[in-house]
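>>> sequence unknown, structure follows:
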């Protein structure tokens, strides 16, 4: 059984790849735009767990990335049974102060590529009558968050897209799961090592290993969505009732702790 993981050379993606190899004994197609780290990860997982690994060095923010990746797998005769759309970017900034290049990168990576990956690989799963798709959304998808307007809008798209696709694919035996974590202890948010430790210690941030274990269990149960972490269930209803200006103040304070 082959699993395809995007953003697989670091952070949450690396944890997904490791958990799929160690616990579920999946062969892996690992995709990343970090070539050196990707090659090291591929060799390491193959050596440690005796699985087949295929490394694909690719920028997934390009217009044809999903089609190229799908065609690569088809040419190699690799059937993808598990699709983990994990690759993503994050930055604090007001939209009008953000370069067009960075805005487009996020829109293309989070929306166009995720959609087309689901369309292409999902169609094969549908024909086979089995398969799992996991899309990484975010807790921020449930609310308006000034300062990360583009990010939380794209994550809201992923959440609602995944929920709708769940209904479309359910009759064909294919599961679609949206994972909506809060803060996760990776380098994605740009926090200093000190503040990362503090965030984990007070349960504001979750270890990626814990997140991945929960997420994969939900995926294999074909759950529509999951928001790992009990604190998140309490936080979302609370913050939904805050005015946008108050949320913006919180986000500005958080941005001060970046490197």
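Right, received. Where do you want to start? The structure displayed is predicted, hence computed values, not measured ones.
>>> count of neighbours near residue 17?
Residue 17 has 30 neighbours, counted by other Cβ atoms under 10 Å. All C-beta spots, glycine's among them, are computed from the backbone N, C-alpha and C.
>>> Report all helices and strands that the one helix or strand it maps to contacts.
Assigned by DSSP states H and E, residue 17 belongs to helix 11-22. Identification of packing neighbours for helix 11-22 by 3 or more Cβ pairs under 8 Å, 6 or more residues apart in numbering; DSSP states H and E yields strand 2-6, strand 27-32, helix 35-49, strand 80-85, helix 208-220.
>>> 10 Å - rerun?
For helix 11-22, the helices and strands in contact under the criterion 3 or more Cβ pairs under 10 Å, 6 or more residues apart in numbering; DSSP states H and E are strand 2-6, strand 27-32, helix 35-49, strand 80-85, strand 131-136, strand 183-184, helix 208-220.
>>> which of these has the lowest average pLDDT?
Lowest mean pLDDT within the helices and strands packed on helix 11-22: strand 183-184, a mean of 76.
>>> My guess is residue 60 contacts residue 7. True?
Yes: counting by Cβ atoms under 10 Å, residue 60 touches residue 7, with 7.9 Å between them.
>>> Residues that sit against both of the two, list them.
31-33, 85, 87-88, 109 (Cβ atoms under 10 Å, 6 or more residues apart in numbering).
>>> for these, which one is nearest residue 134?
Proximity of the shared contacts of residue 60 and residue 7 to residue 134 was ranked by Cβ to Cβ; the top entry is residue 85 with 6.9 Å.
>>> How far away from the center of its chain is the strand or helix carrying residue 118?
Using DSSP H and E, residue 118 maps to helix 114-128. Distance of helix 114-128 from the chain centroid (Cα atoms, centre = their mean, to the nearest Å) equals 17 Å.
>>> any low-confidence regions in the stretch 101-250 of the chain?
186-205, 230-242, 244-250 (pLDDT under 70).
>>> show me where it has helices.
According to DSSP state H, counting those that start in this stretch, the stretch 101-250 of the chain carries its helices in the segments 114-128, 149-169, 193-201, 208-220, 230-240, 244-255.
>>> hang on, the earlier thing: which one of the shared contacts of residue 60 and residue 7 sits closest to residue 214?
When these are compared against residue 214 (criterion: Cβ to Cβ), the nearest one is residue 85, at 17.1 Å.
>>> Distance check, the closest one against residue 228.
Here the criterion is Cβ to Cβ, to the nearest Å. By it, residue 85 lies 17 Å from residue 228.
>>> what about those two, which has more around it?
Between residue 85 and residue 228, counted using other Cβ under 10 Å, the more crowded position is residue 85 (28 against 21).
>>> surely that one meets residue 134?
Yes: taking contacts as Cβ under 10 Å, residue 85 lies within contact range of residue 134: 6.9 Å.
>>> Tabulate the helices and strands packed on helix 11-22 (JSON lines), appending distance to residue 146.
What follows is the helices and strands packed on helix 11-22, written out as JSON lines (distance: least, Cβ to Cβ, whole Å):
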{"stretch": "strand 2-6", "distance to residue 146": "28"}
{"stretch": "strand 27-32", "distance to residue 146": "31"}
{"stretch": "helix 35-49", "distance to residue 146": "33"}
{"stretch": "strand 80-85", "distance to residue 146": "26"}
{"stretch": "strand 131-136", "distance to residue 146": "22"}
{"stretch": "strand 183-184", "distance to residue 146": "17"}
{"stretch": "helix 208-220", "distance to residue 146": "26"}
